[in-house]
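Trainee: give me the fold of what follows.
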Amino acid sequence: MSWKVFLLNSPVNYEDISKSRTGDNLKPIGLINTKPKISDNLQINNKIYHVCMLVFEEKYIGVREISFVDEDEVDETVEENFTCPYCQYIDPDAFELEDEGERNCPGCGSEIKYIRRVSVEYVVEPVKRAKIWRSDK
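Mentor: Model prediction:
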């Protein structure tokens, strides 16, 4: 049996996809014949999509469109945000991670290794200059 693939452009829940049966909401972008897993990447009509939702009862798949950086351009990065070097996904929950480790990118499923670097900065504002005592001479 075929699985219907739906493009999710914003946070969408199960009810949104279920409404698509009646044509009220989302339209399928394609069909696949094998059961995918969450975090699989699919190629449909020369575009790449990341599976982020499965509705087993109805055989619906929710996907987000992603793009990969050219393989020869993938390199180690040092950035303020936790950014995947493969798909450029910025992980808003990275602050919950350990200081170093390995994980799969939530945006594309690629394996990445990371180290958190912490720096300290000080913002210093003037309040009042110290008094200067002068001699009587």
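Trainee: which strand in this structure has the most residues?
Mentor: strand 47-55 (DSSP state E).
Trainee: what helices or strands is that strand leaning on?
Mentor: helix 14-19, strand 41-44, strand 60-66 (3 or more C-beta pairs under 8 Å, 6 or more residues apart in numbering; DSSP states H and E). Every C-beta, even on glycine, is put in place using the N, C-alpha and C of the backbone.
Trainee: compare the mean pLDDT across those and name the weakest.
Mentor: Of all these, helix 14-19 carries the lowest average pLDDT, namely a mean of 60.
Trainee: that helix: what's the following helix or strand?
Mentor: Downstream of helix 14-19, the next assigned helix or strand under DSSP states H and E is strand 28-32.
Trainee: report the buried residues of that following strand.
Mentor: Of all the residues in strand 28-32, those buried under the rule 16 or more other C-beta atoms under 10 Å are 29, 30, 32.
Trainee: what's the pLDDT at residue 127?
Mentor: pLDDT at residue 127 comes out at 90.
Trainee: now for the chain, the helix or strand with the poorest mean pLDDT.
Mentor: helix 14-19 (a mean of 60; mean pLDDT, DSSP states H and E).
Trainee: can you report how many residues neighbour the nearest residue to residue 85 once chain neighbours are set aside?
Mentor: Excluding the flanking residues, the one nearest residue 85 by C-beta to C-beta, 6 or more residues apart in numbering is residue 74, at 5.1 Å. Using other C-beta atoms under 10 Å, residue 74 has 14 other residues around it.
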